[in-house]
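Novice: how would this look folded up:
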Amino acid sequence: MPVETLRKLNADGSVSLSKLKINSLVMQDIHLKLNAKNGIVTTQQSVNQFYQGTYSGNLSMDTRNSKPALSVNEKIDHVQIEPLLKDFKAKLG
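Specialist: Here you go, the predicted model:
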């Protein structure tokens with residue numbers, strides 16, 4: 001998305017999903033929050049059931065200056081790698 005579009009974005013919302021499957025990877029209890037105003041865009045996302053573990057993260061982007069600044073913080077906790085890789089490998093075929 002072009003930086004000019006992000007600078008003009010004015011949004012405040014959230015989405016929750018009970019189950020999502022992307023590229024053979026299964027996630028449950030998903031939450032996404034988005035806030036964008038005055039050139040600052042922030043997101044918070046979490047997956048509370050991800051291969052017997054959890055994922056959480058947030059992103060912050062400041063587009064007010066000529067060079068946008070990006071900050072990303074993500075955490076994966078207790079995810080079982082063997083079933084995750086098995087599902088991922090099934091996608092690759």
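Novice: Name the helix or strand of this protein that has the lowest mean pLDDT.
Specialist: Within the chain, no helix or strand scores below helix 81-92, which has a mean of 86 by mean pLDDT, DSSP states H and E.
Novice: Can you get me a residue count around residue 38?
Specialist: Around residue 38 sit 12 other residues, with neighbours defined as other Cβ atoms under 10 Å. For every residue, glycine as well, the C-beta is placed using N, CA and C.
Novice: tell me the contacts of it?
Specialist: Residue 38 sits next to residue 64 when contact means Cβ atoms under 8 Å, 6 or more residues apart in numbering.
Novice: and it, backbone torsions?
Specialist: Backbone torsions of residue 38, given as degrees, to the nearest 10, read phi 60, psi 40.
Novice: Can you give me the separation between it and residue 12?
Specialist: Separation of residue 38 from residue 12 (Cβ to Cβ, to the nearest Å): 12 Å.
Novice: for residue 34, same thing?
Specialist: As judged by Cβ to Cβ, residue 34 and residue 12 stand 7 Å apart.
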